[in-house]
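> Would you be able to build a 3D model of this:
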Amino acid sequence: MSRTRQTTILTLALLLLVLGPAPRAAAEDGAGTSPSQESGARLDAVRTNEFFYQSYGKPDPFRTLVDGDYEPSSGGELVDVNSAKLVGVMWGDDDQFALVEDGDGFGYILRVGDRVLNGRVVSIHQNRLTARLTLYGISNTVVLKLEKSEAK
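Model (predicted):
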C-alpha cells in the first residue's frame with residue numbers, strides 16, 4: 001500500500017471517530033430533535049448528577065472555614081502621626097524602619113516613602129522619624145523623636 005493511501009485511510013478513520021455516526025434523518029426519528037436539543041439534554045443529564053461525600057468521622061474538607069458575613073475593611077488603614085509615638089528604630093546597612101504606635105495602641109512598621117494619614121514618611125534616622133503632611137494645600141513636617149526609657 002502506498003504512503004498516500006495509508007494517510008488517506010487514516011484520515012478518514014479519524015474523521016469517522018471524531019464525527020461519529022451520521023445523524024438520522026428527521027423522518028426516521030419520531031421526536032424530531034435537533035443536535036442542539038440533544039446536546040442540551042446531555043448537559044441537563046450531567047448537571048443532575050449529585051455527589052455525596054461521607055467523612056467517616058473526619059473533618060469535612062469542603063466545609064467553609066469562615067462562618068458569618070463578609071465585612072470589608074476600609075483598605076489600608078493609615079497611621080495618624082500626630083497622635084502616634086515612636087517606639088523604636090531598626091537600623092541596618094540595607095534597610096531601616098521605624099516602629100510606631102498610634103493613640104489606640106496599634107503598632108505599625110514604617111519605612112521611607114510609606115504613606116501615613118495625609119502624607120508620607122520622608123526620613124528615618126537612628127532616633128527620629130520625619131513625615132511630611134499636606135492638608136488643604138498646606139504642608140507641615142512632623143518629627144517623632146525616640147523617647148529613652150529608664151531602666152527599672
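
> just the helices in this protein please.
3-19, 35-47 (DSSP state H).

> Where among the ones you listed is average confidence lowest?
Note on these: lowest mean pLDDT is at helix 3-19, with a mean of 74.

> quick revisit: any chance of the helices of the chain in CSV with distance to Arg111 and mean neighbour count as columns?
The way it works is simple: take the backbone N, C-alpha and C, and place the C-beta from them, glycine included. Converted to CSV, the helices of the chain look like this (distance: least, C-beta to C-beta, whole Å; neighbours: other C-beta atoms under 10 Å):
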stretch, distance to Arg111, mean neighbour count
helix 3-19, 60, 9
helix 35-47, 52, 10
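
> Any chance of TSV for those helices, columns distance to Lys148?
Output for those, formatted as TSV (distance: least, C-beta to C-beta, whole Å):
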stretch	distance to Lys148
helix 3-19	81
helix 35-47	70
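
> Quick one: the strands in this structure, in order.
With DSSP state E, the ranges of strands along the chain come out as 85-91, 96-101, 107-110, 115-116, 119-124, 128-135, 138-145.

> hang on, the earlier thing: between the helices of the chain, which one is nearest to Gly57?
Judged by C-beta to C-beta, the one of those that comes nearest to Gly57 is helix 35-47, at 31.0 Å.

> For that closest one, what is the distance to the chain centroid?
Helix 35-47 sits 35 Å away from the centroid of its parent chain (C-alpha atoms, centre = their mean, to the nearest Å).

> any idea of the pLDDT on Pro22?
Just to correct that, residue 22 is Ala rather than Pro. Ala22 carries a pLDDT value of 58.

> If anything else comes up later, I'll come back, but that's it for now.
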